[in-house]
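Chemist: could you look at this predicted model? Sequence included:
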Amino acid sequence: MEAGDFQGARDLYAQVVEADPSNLAAATGVADAYLAEGRYEEAVVRYRTVLRAEPSRRDAQIGTARASLGAGNPAEAARWFDLALSQDRSDVDSWIGLGDARVRLNQTKEAREAYERAL
């Protein structure tokens, strides 16, 4: 993924998941690759699969939020960012993401509050 080969990374993660379906890190890696490629709806589906197995998994919550935002669903993104922030109030990237979602929802006061928390 770091080299920009998202499809190659996705294929490798998928092979790991095929060999060990309980490997949630690899399943999250598949979703992360879809997100990096801008295939937001596919990423959301993959992250939700991970979250069904482990609802408190923050990386999948944040990934779902980012993918939802990319897919044009800021209300869903805000819900997922809120959930992730309930576990870690110091996550600057999630505060920024929440602010971005609130902007798209025309909730300027809430967006400003989220951005201020990020600062």
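Modeler: The structure has been received and is ready for your questions. From a predicted model like this one, the values you see are computed outputs, not experimental measurements.
Chemist: contacts, neighbours, all on C-alpha from now
Modeler: Will do.
Chemist: now the one residue sitting closest to the centre of the chain: how far from D5?
Modeler: Closest residue to the average C-alpha location of the chain: G63 at 1.0 Å, with CA atoms, centre = their mean. Here the criterion is CA to CA, to the nearest Å. By it, G63 lies 19 Å from D5.
Chemist: over to G72?
Modeler: In terms of CA to CA, G72 sits 25 Å off from D5.
Chemist: one more: D93?
Modeler: With CA to CA as the criterion, D93 and D5 are 24 Å apart.
Chemist: now do the helices in the chain.
Modeler: Here the chain has its helices, by DSSP state H, at 6-19, 24-36, 40-53, 58-70, 74-87, 92-104, 108-118.
Chemist: taking helix 92-104 as reference, get the angle to the last one.
Modeler: Taking axes from the mean of the first three to the mean of the last three CA atoms, to 10 degrees, one finds helix 108-118 and helix 92-104 inclined to each other by 170 degrees.
Chemist: which strands or helices does helix 108-118 pack on?
Modeler: Using 3 or more CA pairs under 8 Å, 6 or more residues apart in numbering; DSSP states H and E as the contact test, the elements touching helix 108-118 are helix 92-104.
Chemist: for the helix it packs on, the distance to its chain's centre please.
Modeler: 12 Å (CA atoms, centre = their mean, to the nearest Å).
Chemist: and it, which residues are buried?
Modeler: V92, S94, W95, I96, G97, L98, G99, D100, A101, R102, V103, R104 (16 or more other CA atoms under 10 Å).
Chemist: over to stretch 7-27?
Modeler: A9, R10, Y13, A14, V16, V17, L24, A25, A26, A27.
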